[in-house]
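>>> Mind folding the following:
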Amino acid sequence: MSQVIPLIRPLALGCLLAGLVGCGSNFGFPGVYRINVEQGNVVTEEMVEQLRPGLNRRQVRYIMGTPLIEDSFHEDRWDYLYLLRNGSELLSETQLTLWFEEDALVRVEGPDAPSWDEPQSEASASEAPEAS
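Next comes the predicted model:
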């Protein structure tokens, strides 16, 4: 029995360290490179600029791609979500929500949503040179 007791302490310490290493994905080891992980839909500014009220679902799917979340409880809502992570650190998050009435796009919500309140003719008229 006296020969077993000196072996218990190093054995217990070894098991504890093995458990920390095996289950310790939250512990950052110095010098270990973690890659950036992109999840969801990449939505570019050009894609958002093509959205117009009245587009049908097929046209929106062609422009934006398949939505990440197409909820069966909210059939008139499509969510495009994008996450950029490095390990457990969230680097970037973007969400764009599109709302439909029947088969027509009526509203877009999110930080990058287009503003449809401004008439398109005013913007194009201000860019055109005036004739004298």
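
>>> Quick check: the gap between Gln50 and Ile63.
5 Å (Cβ to Cβ, to the nearest Å). Any C-beta I mention is one placed from the backbone N, CA and C, and that applies to glycine too.

>>> do Arg34 as well
33 Å.

>>> Have a look at those two and say which one is more surrounded.
Ile63 (16 against 11; other Cβ atoms under 10 Å).

>>> same for whatever helix or strand that one lives in, what does it pack against?
Per DSSP states H and E, Ile63 falls inside helix 57-64. In terms of contacts (3 or more Cβ pairs under 8 Å, 6 or more residues apart in numbering; DSSP states H and E), helix 57-64 is packed against strand 77-86, strand 89-101.

>>> would you turn those into CSV with distance to Ala18 and mean neighbour count?
CSV is the format used below for these (distance: least, Cβ to Cβ, whole Å; neighbours: other Cβ atoms under 10 Å):
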stretch, distance to Ala18, mean neighbour count
strand 77-86, 27, 17
strand 89-101, 26, 15
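
>>> export those strands to JSON lines and tack on mean pLDDT?
Shown next, in JSON lines, are the helices and strands packed on helix 57-64 (pLDDT from 0 to 100):
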{"stretch": "strand 77-86", "mean pLDDT": "90"}
{"stretch": "strand 89-101", "mean pLDDT": "89"}
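
>>> Format the ones you listed as TSV; extra columns: distance to Arg9.
Listed next are the helices and strands packed on helix 57-64 as TSV, based on distance: least, Cβ to Cβ, whole Å:
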stretch	distance to Arg9
strand 77-86	38
strand 89-101	37
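
>>> Alright, that wraps it up for me.
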